[in-house]
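Participant: Sequence first, then the predicted structure:
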Amino acid sequence: MNKQAEESGEALIDVRDVHYAIGTHTVFSGLNVRVAQGSITAIMGPSGTGKTTLLRLIMGQVRPQSGQVRVFGQDVPSLARTELYALRQRVGMLFQNGALLTGMSVFDNVAFPVREHARLPEAVLRELVLMKLQAVGLRGAAGLMPSELSGGMARRVALARAIVMDPEVLLYDEPFVGLDPISKGVILRLIQSLNRAMKITSVLVSHDVTEISRIADQTYLIAGGKVVAEGSPAALEQDGTAVVKQFISGAPDGPVPFHYPAGDYFTQLLQR
């Protein structure tokens, strides 16, 4: 975070009144999210509400039609390409399903960002990679290929790759999808321990209420293009708003519809 931002007490990530649409489809219509330094912040919501899109806005992959997206005190949409790339080197990303490079070993997957952005002697690179694999409990798997890993192991290798550059912020896109209860517990513990040991600020995108409630400091629930509830996981559980109750309880009926907006069903069926 730059000195001016630190002195003003500005949030590490600050999304203000963001409006974003894809064609005629509105994704956000006045979204506000603030992430405090050193916190674990969860972004929750039903499928299709733009949770992953929010991460793309934070990383500058897409730009809002209006509003502000500030990271480390910098206005992301206005950054030049070199400035944006410099910002991204301070951020680690755990992609959905790991996104490991299938033609590379575990070791080379973790080493990949370092080889792209730094020029370290091979001996130093080896120590660094093994240290990060040790942190996620997979130093012994360094020589394996991604096809030889279980789903939980692949996610942990992806996490080692995400932290190999010692980022200040870690973004997790659905880190618990497809994992068994034991693997989920391992990932949860790793998120917490990394946050403490490396003083990382974590942002988790997820719809897993139970897991998020165990580790998040702050939670945002997004629906209808806006934040409909925010606070600690315990506070959200006590929220009486219909949309919050529906999401927390997993009820099929409520203000969040199951069907994507469409015209009259029978009229469409009878069209020739």
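Facilitator: Nice, thanks for sending it over.
Participant: contacts and neighbour counts: CA atoms only from here.
Facilitator: Noted.
Participant: Identify the residue nearest residue 120 in space, chain neighbours excluded?
Facilitator: residue 114 (7.9 Å; CA to CA, 6 or more residues apart in numbering).
Participant: Tell me how many other residues crowd that neighbour.
Facilitator: Using other CA atoms under 10 Å, residue 114 has 18 neighbouring residues.
Participant: In stretch 17-29, which residues are buried?
Facilitator: Buried residues in stretch 17-29, counting neighbours by 16 or more other CA atoms under 10 Å, are found at 17-20, 27-29.
Participant: how about the residues you listed, which pair is most distant?
Facilitator: Pairwise distances across these peak at 12.6 Å for 17 and 27 (criterion: CA to CA).
Participant: so what's the residue nearest the centre of the chain bridging to?
Facilitator: Central residue of the chain (CA atoms, centre = their mean): residue 172, 3.0 Å from the mean position. In this structure, residue 172 bridges to residue 94, residue 204 when assessed by DSSP bridges.
Participant: Pull the contacting residues for it.
Facilitator: With contact taken as CA atoms under 8 Å, 6 or more residues apart in numbering, residue 172 is in contact with 93-96, 202-205.
Participant: Local confidence estimate at it?
Facilitator: pLDDT recorded at residue 172 is 90.
Participant: With residue 10 instead?
Facilitator: For residue 10, the predicted pLDDT is 64.
Participant: Check residue 133 too.
Facilitator: Listed pLDDT for residue 133 reads 91.
Participant: Quick one: the strands in the chain, in order.
Facilitator: Using DSSP state E, the strands of the chain run over residues 13-22, 25-35, 40-44, 66-71, 74-75, 91-94, 169-173, 201-205, 218-223, 226-231.
Participant: Distance to residue 134 for these - can I get that in JSON lines?
Facilitator: What follows is the strands of the chain, written out as JSON lines (distance: least, CA to CA, whole Å):
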{"stretch": "strand 13-22", "distance to residue 134": "29"}
{"stretch": "strand 25-35", "distance to residue 134": "29"}
{"stretch": "strand 40-44", "distance to residue 134": "23"}
{"stretch": "strand 66-71", "distance to residue 134": "30"}
{"stretch": "strand 74-75", "distance to residue 134": "34"}
{"stretch": "strand 91-94", "distance to residue 134": "17"}
{"stretch": "strand 169-173", "distance to residue 134": "18"}
{"stretch": "strand 201-205", "distance to residue 134": "20"}
{"stretch": "strand 218-223", "distance to residue 134": "29"}
{"stretch": "strand 226-231", "distance to residue 134": "34"}
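Participant: To residue 110, which of these lies closest?
Facilitator: When the strands of the chain are compared by CA to CA, strand 91-94 sits nearest residue 110, at 12.1 Å.
Participant: on contacts alone, who are the packing partners of that closest one?
Facilitator: Judged by 3 or more CA pairs under 8 Å, 6 or more residues apart in numbering; DSSP states H and E, the packing partners of strand 91-94 are helix 151-163, strand 169-173.
Participant: so how far is that strand from its chain's centroid?
Facilitator: Offset of strand 91-94 from its chain centre (CA atoms, centre = their mean, to the nearest Å): 8 Å.
Participant: how about the closest residue to residue 222 other than its chain neighbours, what does it touch?
Facilitator: Nearest residue to residue 222 in three dimensions, chain neighbours excluded: residue 45, at 4.9 Å (CA to CA, 6+ apart). Applying CA under 8 Å, 6+ apart to residue 45 gives the contacts 51, 206-207, 221-223, 247.
Participant: run the last query once more with 6 Å
Facilitator: Going by CA atoms under 6 Å, 6 or more residues apart in numbering, residue 45 touches 207, 221-222.
Participant: Point out where the stretch 101-250 of the chain drops to low pLDDT.
Facilitator: The stretch 101-250 of the chain contains residues with pLDDT under 70 at 239-240, 242-250.
Participant: at 80 instead, please
Facilitator: Residue ranges of the stretch 101-250 of the chain with pLDDT under 80: 177-180, 182-183, 207-213, 232-250.
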